[in-house]
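Novice: here is a sequence with its predicted model. Questions after.
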Amino acid sequence: MITGRQIQAARALLGWEATDLATKSGLSRETISKIENNHVQPHEKTLASIFRAFNENGIEFTDNSGVRLKPQNVEILEGSAGFTRFYDFVYEHLNAHGGVVCISGVDELLFAKYRLNAEVDAIAHRERMAELTKRRRDIKVQILVKEGDYNFVASAYAEYKWQSAKNFSNASFYVFGDTLALISFAHEPAPLIILIRSAAFAEAYRQSFGIAWSNAMKPSKKRQ
């Protein structure tokens, strides 16, 4: 969760007054002031609006309450805190733009394990995604998992297919909008997320995913 001090520092990097942030986030100047001075505990949606305003203007929040300007085209996220920020980024993108999310190489047990607060955060994300996809009908989430994997925890908002064991890779990727995210759990601290903002890379992986998806299997019913 971003802090009032981080918000002030982010404004300073952009040369924004509190009124600028209020305008870009859709909040009141009074609300911004109260959050920055720790006079209120903001709701998740309020922080998401602030996060989106800064994210769209090239600011990222780092570990240990840090703030920095984002690299222009490539961003590296590491560890549980980075993984949580990644999920926030995906959510905010879909909330603002909708669209299709292609996800390959998923092991839901690993994806849940490395969240900042593990199962609590994983459940909270699934709940907000389920609510978002009901509100925005232009969102589609497709997930490829290994054949025989029945851990369909995101089935409330996503469609799963099985990929054969010989073709399945544990190196995961997300494609959404003009962004490609490569995810590796063979890294310390795990996971490593490389965000590449490139329409060309995103489209290449999207086409590859489309071929894999068309050849993937619809999961059979689990035997009791």
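Specialist: Received the coordinates, thanks. These figures come from a predicted structure and were not determined experimentally. Numbering: from 1, shown residues only.

Novice: just the residues contacting the helix or strand of the chain with the lowest mean pLDDT, thanks.
Specialist: Least confident element among the helices and strands of the chain, by mean pLDDT, DSSP states H and E: helix 108-113 (a mean of 80). Here helix 108-113 makes contact (C-beta atoms under 8 Å, 6 or more residues apart in numbering) with Ala118, Glu119, Ala122, Val145, Asp149, Asn151, Phe152, Val153, Ala154, Phe185, Pro191. All C-beta spots, glycine's among them, are computed from the backbone N, C-alpha and C.

Novice: for the spatially most central residue of the chain, give me the pLDDT.
Specialist: Here the mean C-alpha position of the chain is nearest to the C-alpha of Tyr87 (C-alpha atoms, centre = their mean), at a distance of 2.4 Å. Note for Tyr87: predicted pLDDT of 91.

Novice: with adjacent residues omitted, what lies nearest to Tyr150?
Specialist: In space, Tyr150 comes closest to Lys222 once its chain neighbours are excluded; the distance is 5.0 Å by C-beta to C-beta, 6 or more residues apart in numbering.

Novice: do you know how far the one you found is from Gln163?
Specialist: 17 Å (C-beta to C-beta, to the nearest Å).

Novice: same thing with Asp63?
Specialist: Going from Asp63 to Gln163 by C-beta to C-beta gives 34 Å.

Novice: could you do Arg128 as well?
Specialist: Distance, Arg128 to Gln163, using C-beta to C-beta: 27 Å.

Novice: comparing those two, which residue is more hemmed in?
Specialist: Gln163 (21 against 18; other C-beta atoms under 10 Å).

Novice: thought the more buried one was touching Ala212?
Specialist: Yes. Under the criterion of C-beta atoms under 8 Å, Gln163 makes contact with Ala212 at 6.3 Å.

Novice: what do these two both touch?
Specialist: Common neighbours of Gln163 and Ala212 are listed as Ser104, Leu144 (criterion: C-beta under 8 Å, 6+ apart).
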